[in-house]
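Visitor: here's my sequence, what's the structure:
(one chain, ligands or ions: 2)
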Amino acid sequence: MAFLKAILPNCFKVKINDAIIHPEESKKNISSRLAVSDISDPELSFSVNDLSSNAIIGSNLHVFTHAQLKVITSDFSSCNFLGEGGFGPVHKGFIDDKIKPGLGGQPVAVKLLNLEGDQGHMEWLTEVVLLGQLRHPNLVKLIGYCWEDEQRLLVYEYMTRGNLENQLFRRCSTSLPWQIRMKIALDAAKGLAFLHEEEKPVIYRDFKASNILLDSDYTAKLSDFGLAKDGPEGSDTHVTTRVMGTPGYAAPEYMLTGYLTTRSDVYSFGVVLLELLTGRQAIDKKRPSREQNLVEWAKPFLRNVHKLNRLIDPRLEDQYSTQGAKKVAALAYKCLSQQPKSRPTMSNVVKILEPILDLKDIPIGPFVYVVPSFECKSGLKTKGNNEEKKKENKVQIISDQDDQGSAREKN
Ligand SMILES: Nc1ncnc2c1ncn2[C@@H]1O[C@H](COP(=O)(O)OP(=O)(O)O)[C@@H](O)[C@H]1O
Ligand SMILES: [Mg+2]
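Guide: Numbers count the residues shown, from 1 in each chain. Ligands and ions are numbered 1, 2, ... in the order given. Model (predicted):
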């Protein structure tokens, strides 16, 4: 709070009742980050000018007008629609040098606050203030914002492959390979670990597959910081809040009591890890009632390595590391512990996941043999040397029987 008072002497409607702030103290405070609690204090009114003044969140962010964002998204055209959560619709757009000189041509995603939706100005401001100050390769980059009358918009870097939920569960999409699933888990874990280890820790509070975005090379980044909270400081062990997260992902103690700690995020991380392992959604109403809640269904299998094959996503078709899967199952089990203190920290999770990416015990899967065209065949005949023969030997058409054989081996 002293920080705000020091840098914004005239911006608040309330009278600041502290003694005079010493210039040295204010300098020290300016270097520290503005916390969520600083902006959510109901006594303070945070204006558009406060936000755009570089002293608050630095000069990382560009300010857009609503008219500019209409041009960028072709008037929020439905063909540019990317997705929608509790906040409002997100559209793809393109910034060219004429609209914002200096930014260069680049695709962006523009999120528009739905004025009738569940979230409002505070969630919007939380996202601007946090993402404006926190930069990490596994957090989505906020490029700028628009605050004009009732309009509240956010402009992010565009993430080519959209969210993990669609990539993992959409029926028509091809299944994500094991290595990519593990990379996504590791990236997301790094993003959470960064938030938790900040000088002022941040609890993300809404960790789920639809809030993990994927780049063209499947780099995963956390997005959607509207529900994020400051973690406990000093001797406090938790913060108490209104229960907000998403059923199926939110930690049981948080759902029951509203007690929030960084370990609540660890629980949600465990749920996403299970989703990556099983290819099943945290809550799936289309399944038989015993299987609708993923954690409840999966826990008995997680404890028993002999039952692991019942858990693994059948779409992986046995192309996964058995050693890795055992370790991931054990890790998910710890993250999903009922006791928050028994869950690992996110930096521990990162340490456990890193070596799993190097495991090479992934069977080479069946592949489609494409019958060579006439030219190809004749080419092979004319060459007919040893090298070609070696190549031919490598081509095996894996029959159903072979497939079952390798499945049996796994079992
Ligand atoms: N930067 C982005 N690039 C690509 N798609 C995005 C981007 N941001 C959001 N989306 C899409 O929009 C959806 C909703 O965005 P999100 O930030 O989670 O909004 P909400 O706060 O409404 O949940 C995401 O699940 C994703 O599909
Ligand atoms: Mg979301």
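
Visitor: what helix or strand is Leu192 on?
Guide: Assigned by DSSP states H and E, Leu192 falls within helix 178-196.

Visitor: that helix near ligand 1 anywhere?
Guide: No. Using Cβ under 6 Å from any ligand atom, no contact is recorded between helix 178-196 and ligand 1, whose separation bottoms out at 13.9 Å. Using the backbone N, CA and C atoms, a C-beta is placed for each residue, glycine as well.

Visitor: helices or strands up against that helix?
Guide: On a contact count with 3 or more Cβ pairs under 8 Å, 6 or more residues apart in numbering; DSSP states H and E, helix 178-196 meets strand 202-203, strand 212-214, strand 220-222, helix 262-278, helix 322-335, helix 346-356.

Visitor: Gly245 belongs to a helix, doesn't it?
Guide: No. Assessed with DSSP: H, G, I helix; E, B strand; the rest coil, Gly245 is coil; it does not lie in a helix.

Visitor: you'd agree it is up against Asn211?
Guide: No. If you go by Cβ atoms under 8 Å, Gly245 and Asn211 don't touch, sitting 10.7 Å apart.

Visitor: dump the helices and strands packed on helix 178-196 into a markdown table; add mean neighbour count and distance to Glu84 as well.
Guide: Output for the helices and strands packed on helix 178-196, formatted as a markdown table (neighbours: other Cβ atoms under 10 Å; distance: least, Cβ to Cβ, whole Å):
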| stretch | mean neighbour count | distance to Glu84 |
| --- | --- | --- |
| strand 202-203 | 25 | 24 |
| strand 212-214 | 25 | 14 |
| strand 220-222 | 24 | 18 |
| helix 262-278 | 25 | 20 |
| helix 322-335 | 20 | 29 |
| helix 346-356 | 18 | 28 |
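
Visitor: that older thread, so which of Gly245 and Asn211 has more stuff around it?
Guide: Neighbours per residue (other Cβ atoms under 10 Å) separate Gly245 from Asn211, with Asn211 holding more: 25 against 22.

Visitor: residues in contact with the more buried one?
Guide: Asn211 makes contact with Gly85, Asn163, Leu222, Ser223, Asp224, according to Cβ atoms under 8 Å, 6 or more residues apart in numbering.

Visitor: does the third one really touch Asn138, like I thought?
Guide: Yes. Checked against Cβ under 8 Å, the pair Leu222 and Asn138 is within contact range at 6.5 Å.

Visitor: now the common contact residues for the two.
Guide: With Cβ under 8 Å, 6+ apart as the test, Leu222 and Asn138 both reach Ala188, Gly191.

Visitor: give me the domain ranges for this structure.
Guide: Per automatic domain parsing, the structural domains of the chain span 33-157, 164-356, 374-410.

Visitor: are the first one and ligand 2 in contact anywhere?
Guide: Okay, so that is domain 33-157. Yes. Judged by Cβ under 5 Å from the ion, domain 33-157 comes into contact with ligand 2 at Gly85.

Visitor: start to end distance for that domain?
Guide: With Cα to Cα, to the nearest Å as the measure, domain 33-157 spans 22 Å from end to end.

Visitor: how far off centre is that domain?
Guide: 18 Å (Cα atoms, centre = their mean, to the nearest Å).

Visitor: report the mean per-residue pLDDT for it.
Guide: The average pLDDT within domain 33-157 is 87.

Visitor: can you map out the strands along this protein?
Guide: For the chain, the strands defined by DSSP state E cover 62-63, 81-84, 89-95, 106-112, 142-148, 151-157, 202-203, 212-214, 220-222, 229-230, 239-240, 259-260.

Visitor: may I see those strands organised as CSV, with distance to ligand 1 added?
Guide: Formatted as CSV, the strands of the chain follow (distance: least, Cβ to the nearest ligand atom, whole Å):
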stretch, distance to ligand 1
strand 62-63, 15
strand 81-84, 3
strand 89-95, 4
strand 106-112, 3
strand 142-148, 9
strand 151-157, 4
strand 202-203, 16
strand 212-214, 5
strand 220-222, 8
strand 229-230, 15
strand 239-240, 21
strand 259-260, 19
